[in-house]
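**Student:** Show me how the following folds:
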Amino acid sequence: MPSEPRKPLWLYPNLLSLDAPLVAVAWLYIFAKTWRVDYHPWEAYVSLGLVVWVIYVADRLLDASMHVGTGGPLEARHEFHRRYQKQFLIGAGVAGLAALVLVVSYMSYTIYHYVLVGGVVVAGFFGLSMLSSQEENEIPHMKNILAGAGFAFGTAMMAHVYLPGRGLFDMIAAREFCREFICFAMLCTLNISAIDLWEHARRAADVEVKATDELALTLPLTVLGGASLIFALSDHEMATRPFFYAILTGAALLHILNRTRDRFSTDALRVLADVALLLPFFVYLAASRQ
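**Tutor:** Down below sits the predicted model:
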């Protein structure tokens, strides 16, 4: 039997589920600096990265197990998790325990209010994952929205919890929840939905279906880009302008990928979609120093 071709090095962050934790940690730094968090210890970044990694590993193991028996081939990341299932289960257990120790030992009790809400969102996400159809022609829009909102909430809360005298209800009522959080949640949702839309369009033979899938991504990306630009230019104090420049960059990069997606394989598109959320970090750094 011919040996399986070696995976390219650039694909391993995706195969190992390291892409999402990197994005979460990068944007946590952006949220903390934008909201001017004076004290933001290392355990906030480590615990967030560990929790996100555990959730993504669990999701991919669940998808791989649900896909067994359908007869279709597994995607590269799901096949990788299925093949090394034991190692991922052990790693997820150790990472989950380490995150729990960090939260209990080092963080304020106010974080439990945020964790309760985040836990409900994560439970809803996995519930939809188990109930959603596995048919290739169906796009799980509700699942993607919940995943994007949950990812954004988990990232933002790890910055907001360190604001003195501020709790969960302050976050919901504050302006940053209506602007920074919602824009980032929308960017995350579009990032997750992009892969499903691109794969759906690639499988479709109908030109109208392809055009509909492209519009389903182009229109909200345009709205997000326009809103972030308006928010950036209307901030005369320059406090949040670098943040919205980062959002604008992410939306622009996803739009470029959407227009040039036929040039890349599905695995390459997955990696590039993650890069589209990581490059805004450097845009933020550059803009915040102006």
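**Student:** Just the helices from the chain, written as ranges.
**Tutor:** Assigned by DSSP state H, the helices in the chain fall at 12-15, 19-34, 42-67, 76-83, 85-106, 111-131, 141-160, 168-173, 175-176, 182-203, 207-234, 241-260, 266-288.
**Student:** Now tabulate those in JSON lines and tack on mean pLDDT and mean neighbour count.
**Tutor:** C-beta: built from backbone N, CA, C; applies to glycine. Converted to JSON lines, the helices of the chain look like this (pLDDT from 0 to 100; neighbours: other C-beta atoms under 10 Å):
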{"stretch": "helix 12-15", "mean pLDDT": "94", "mean neighbour count": "17"}
{"stretch": "helix 19-34", "mean pLDDT": "97", "mean neighbour count": "22"}
{"stretch": "helix 42-67", "mean pLDDT": "93", "mean neighbour count": "19"}
{"stretch": "helix 76-83", "mean pLDDT": "90", "mean neighbour count": "19"}
{"stretch": "helix 85-106", "mean pLDDT": "95", "mean neighbour count": "14"}
{"stretch": "helix 111-131", "mean pLDDT": "86", "mean neighbour count": "15"}
{"stretch": "helix 141-160", "mean pLDDT": "93", "mean neighbour count": "22"}
{"stretch": "helix 168-173", "mean pLDDT": "64", "mean neighbour count": "14"}
{"stretch": "helix 175-176", "mean pLDDT": "62", "mean neighbour count": "14"}
{"stretch": "helix 182-203", "mean pLDDT": "92", "mean neighbour count": "21"}
{"stretch": "helix 207-234", "mean pLDDT": "92", "mean neighbour count": "16"}
{"stretch": "helix 241-260", "mean pLDDT": "96", "mean neighbour count": "22"}
{"stretch": "helix 266-288", "mean pLDDT": "95", "mean neighbour count": "18"}
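**Student:** okay, those helices in a markdown table with distance to R6 next?
**Tutor:** Listed next are the helices of the chain as a markdown table, based on distance: least, C-beta to C-beta, whole Å:
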| stretch | distance to R6 |
| --- | --- |
| helix 12-15 | 11 |
| helix 19-34 | 19 |
| helix 42-67 | 21 |
| helix 76-83 | 12 |
| helix 85-106 | 19 |
| helix 111-131 | 30 |
| helix 141-160 | 30 |
| helix 168-173 | 46 |
| helix 175-176 | 45 |
| helix 182-203 | 23 |
| helix 207-234 | 32 |
| helix 241-260 | 25 |
| helix 266-288 | 13 |
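**Student:** distance of the residue nearest to R202 when sequence neighbours are not counted from A76?
**Tutor:** Spatial nearest neighbour of R202, chain neighbours left out: T266 (7.5 Å); criterion: C-beta to C-beta, 6 or more residues apart in numbering. The gap separating T266 from A76 is 8 Å, by C-beta to C-beta, to the nearest Å.
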